[in-house]
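Participant: sequence and predicted model, in that order:
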Amino acid sequence: MIRMQPSVDSTQVIADSDAVAVERTLAGERDAYRILVERHSQNVFRLAYRMTGNQHDAEEIVQEAFLRAYQKLGQFAARANFGTWVYRIAANYAIDRLRQKKKEEARRVESPTVEDNVENDPISKIQDAAPTPERLTQNLELRKHMEIALAALSESERTAFVMRHWEGCAIEEIAAVLKSSSGAAKNTVFRAVQKLRQSLQPFVGRTTQARAMGTES
Amino acid sequence: MKHLTEEDLIAYREGMSATRTEIAEHLKDCAECRAELVRIEAVLAALDALPVPDPGDDYGRRVWQQIAPRLPEKPVRWWQSWFAPKRLAALGAVAALVVAAFLIGRSTRTSRTPDLTANKNKSANASSSSLLASISAVRK
């Protein structure tokens, strides 16, 4: 899991100061909300990016999540954790956007050209430390396949996988976002990993094999 | 030896297994299941290498600048949301529909009663005239 787990003490301190900021915002001190936005934006961005795979979409999700959280702040229970709450709002909005995008893409008749794909792919913009032609081709190919495999997951599967594997969220948290039971949320994580494995195993195997044979520098 | 299922291994890898100790014990002794777990981990490790762009240290400040002009002066408390104009309008519309349905129901019930009597009379007249017709036909 990539997410750095903060210590229990520091999490409690942040949650307490979040609660104070929420109370001050509700009392009419709008600037107190700024503290919450500045504190949680990076985390929400990371979640949104992993769910959409697109920086522009992720930034829009972050803004919308904080706007919605502000509008619903009166319904926020002070005992809850603001970070988790805004995270949930962002995940729900990201699911809506993914659904909408899939519908739009289904409506589109012509498929994008290969050149367009390479240009829009954030992975293709990454500089490799040692870009030998073979390695570059292999990495780009694998990254492309990973993007395709992630995009092929259903919205629920992608959400469950991102929240569990990358963000280290509790199953109950995932279940709340998916509006399902904990058992169903667990199954969604299984399905996501199984599908990713099915799509990526041949390519990962090839890269691992190449590495073992010493053909990759 | 009974091998672990793919689900067992995924649950173990993702920290969702209720039988973690048993699985760890099995993995110690079973090279086949260990190899399967390595294959699952290889896929997940490859996915972990997918980069997330760094939006920058001042990202939170930029988000605030973008949303601040769009925020209302003060967020509403949960009980205040019941008095929001949209909610009040919806509530009014529902109340008006209920009243209208009640009034329509009343007026149709009162106007339907004589209709029913008239219909009954009509059908009684029709049946008696057909009876007379059949009697006269028999007589002929």
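Facilitator: Structure received. Numbers count the residues shown, from 1 in each chain, chains lettered A, B, ... in the order given.
Participant: in chain B, which residue sits nearest chain A?
Facilitator: With C-beta to the nearest C-beta as the measure, residue B:60 is the residue of chain B nearest to chain A, at 3.3 Å. Every residue, glycine included, has its C-beta placed from N, CA and C.
Participant: in chain A, what residue is nearest chain B?
Facilitator: Counting by C-beta to the nearest C-beta, chain A gets nearest to chain B through residue A:38 (3.3 Å).
Participant: who's in contact with that residue?
Facilitator: Under the criterion of C-beta atoms under 8 Å, 6 or more residues apart in numbering or on different chains, the contact partners of residue A:38 comprise B:60-61, B:63-64.
Participant: need the CA coordinates for the helix or strand hosting it. CSV is fine.
Facilitator: With secondary structure defined by DSSP states H and E, residue A:38 is part of helix A:31-52. Presented in CSV, the C-alpha positions along helix A:31-52 are these (Å, rounded to 0.1, in the frame of the first residue of the first chain):
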residue,chain,number,x,y,z
ASP,A,31,-11.9,31.6,6.2
ALA,A,32,-11.7,28.7,8.6
TYR,A,33,-12.8,26.5,5.7
ARG,A,34,-9.6,27.4,4.0
ILE,A,35,-7.6,25.4,6.6
LEU,A,36,-9.6,22.3,5.7
VAL,A,37,-9.2,22.8,2.0
GLU,A,38,-5.4,23.4,2.3
ARG,A,39,-5.0,20.4,4.6
HIS,A,40,-6.9,17.8,2.6
SER,A,41,-6.5,18.9,-1.1
GLN,A,42,-3.5,16.8,-1.9
ASN,A,43,-5.0,13.6,-0.6
VAL,A,44,-8.3,14.2,-2.4
PHE,A,45,-6.3,14.9,-5.6
ARG,A,46,-4.4,11.7,-5.4
LEU,A,47,-7.6,9.7,-4.9
ALA,A,48,-9.3,11.5,-7.8
TYR,A,49,-6.3,11.1,-10.1
ARG,A,50,-6.1,7.4,-9.5
MET,A,51,-9.8,7.0,-10.1
THR,A,52,-9.9,8.9,-13.3
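Participant: following it in sequence, what is the next regular element?
Facilitator: Remark: after helix A:31-52, the chain's next helix or strand is helix A:55-71, criterion DSSP H and E.
Participant: isn't the residue of chain B closest to chain A right up against residue A:37?
Facilitator: Yes. Here residue B:60 lies in contact with residue A:37, judged by C-beta atoms under 8 Å, at a distance of 5.8 Å.
Participant: just for chain B, where's the confidence low?
Facilitator: Along chain B, the parts satisfying pLDDT under 70 run over B:1, B:76-84, B:110-140.
Participant: hmm, which of the contacts of residue A:38 are the buried ones?
Facilitator: Of the members of these, the ones counted as buried by neighbours, 16 or more other C-beta atoms under 10 Å in any protein chain shown, are B:60, B:63-64.
Participant: now do the buried residues in the longest helix seen in chain A.
Facilitator: In chain A, assigned by DSSP state H, the helix with the most residues is helix A:182-213. Going by neighbour count (16+ other C-beta under 10 Å), the buried part of helix A:182-213 is A:185-186, A:188-193, A:195-197, A:199-200, A:203-204, A:207-208.
Participant: kindly report the same for stretch A:31-39.
Facilitator: Judged by neighbour count using 16+ other C-beta under 10 Å, the buried positions of stretch A:31-39 are A:32-39.
Participant: what's the answer for stretch A:93-102, then?
Facilitator: Under the neighbour-count rule (16+ other C-beta under 10 Å), stretch A:93-102 has A:93-95, A:97-98 buried.
Participant: before we move on, the earlier item: what sits closest to the residue of chain B closest to chain A if chain neighbours are left out?
Facilitator: residue A:38 (3.3 Å; C-beta to C-beta, 6 or more residues apart in numbering or on different chains).
Participant: and the one you found, what pLDDT?
Facilitator: pLDDT recorded at residue A:38 is 95.
Participant: for the one 4 residues further on, same thing?
Facilitator: Confidence at residue A:42, expressed as pLDDT, is 96.
Participant: and the closest residue to it other than its chain neighbours, how many neighbours does it have?
Facilitator: Spatially, and ignoring its direct neighbours in sequence, residue A:42 is nearest to residue B:59 (5.9 Å; C-beta to C-beta, 6+ apart). By other C-beta atoms under 10 Å in any protein chain shown, the residues close to residue B:59 number 18.
Participant: contacting residues for residue B:59?
Facilitator: Residues in contact with residue B:59 (C-beta under 8 Å, 6+ apart) are A:41-42, A:45.
Participant: so what's the backbone phi/psi at residue A:74?
Facilitator: phi -60, psi -20 (degrees, to the nearest 10).
Participant: coming back round to it: now the buried ones among the contacts of residue A:38 in CSV, with secondary structure and distance to residue B:4?
Facilitator: Compiled in CSV, the buried ones among the contacts of residue A:38 are given as follows (DSSP: H, G, I helix; E, B strand; the rest coil; distance: C-beta to C-beta, whole Å):
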residue, secondary structure, distance to residue B:4
B:60, helix, 44
B:63, helix, 44
B:64, helix, 49
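Participant: show me which of the residues you listed is closest to residue A:147.
Facilitator: Looking at these and their distance to residue A:147, the nearest is residue B:63, at 25.6 Å (C-beta to C-beta).
Participant: so residue B:52 makes contact with residue A:52?
Facilitator: No. Residue B:52 is not in contact with residue A:52 according to C-beta under 8 Å; the separation is 11.2 Å.
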